[in-house]
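Engineer: here is my input, please return the structure:
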Amino acid sequence: MELVLVGLAFVWLVSRRYHSDTYSDHHVREKPLAQPSELRSRVGQTAIYTENGVASHVHVDHVSCDDMSAEVELTFIPSPGMVTGQATGLVGPTFSVGCCWALLYTRRLGWHCSAQGCSWSLYFDPQLIQEVLQLGASLHGKVDRSERLCALRKRLGQAFVEDCRN
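Structural biologist: I've put the predicted structure just below:
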C-alpha cells in the first residue's frame, strides 16, 4: 500500500511540475472561476463554439446554473466554412453543453471548460468572431473539412494564448 501511495504522489508531483509551465494550466487556473451572473449576461449573444472536431458560429439561447454546474443551450448559425457537428449527424440545430463549476473558466474572450472527456470553448469577442467567420468563408470550397478546422482552431488557439497572457 505504501508503494502505491508513494507512486501516486510521484505521479502527482511530476504532473504538477510539467503542467505548471504550460499556458493551459498555469495561466487559466490563476483566474477566478465563472460566476452565474456573468454566464447569464451572454444570453442572446453570438459566439464561436469549439470542441473536438467542431468550430461553429452559434447563438446563446439560454444559460442555466445550479450549485454544481452550468449548462448552455446553443443554436447553430449557418456560416460558410465553419465546421459543425451537424455534418456528422451528432447534433441537431440546437444543442446543450455543460460543465461543473470547478472546470469552467471565464476570460475576456470567452468561456472554457476543460477536463478529460469534456473540453469546449465559447468565444464572444466580436472582432475575433468576425475574423474567424471571414477565415472560414475564405477557405470554404478551397480546402477540406479537416484543413479548415485546423486553420480555425489554430487562430482561436492563438487568441486564447494571447488572452491568457493579459
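Engineer: residue contacts, the spatially most central residue of the chain?
Structural biologist: Nearest to the mean C-alpha position of the chain, counting by C-alpha atoms, centre = their mean, stands residue 121 at 1.3 Å. Residue 121 makes contact with 49, 50, 51, 110, 111, 112, 113, 156, 160 under the criterion C-beta atoms under 8 Å, 6 or more residues apart in numbering. For every residue, glycine as well, the C-beta is placed using N, CA and C.
Engineer: give me the buried subset of these.
Structural biologist: 49, 50, 110, 111, 112, 113, 156, 160 (16 or more other C-beta atoms under 10 Å).
Engineer: widest-spaced pair of the residues you listed?
Structural biologist: Checking the buried ones among the contacts of residue 121 against each other with C-beta to C-beta, the farthest-apart pair comes out as 113 and 156, at 14.5 Å.
Engineer: which ones among the contacts of residue 121 lie within helices?
Structural biologist: 156, 160 (DSSP state H).
Engineer: of the contacts of residue 121, which is the nearest to residue 72?
Structural biologist: residue 111 (8.1 Å).
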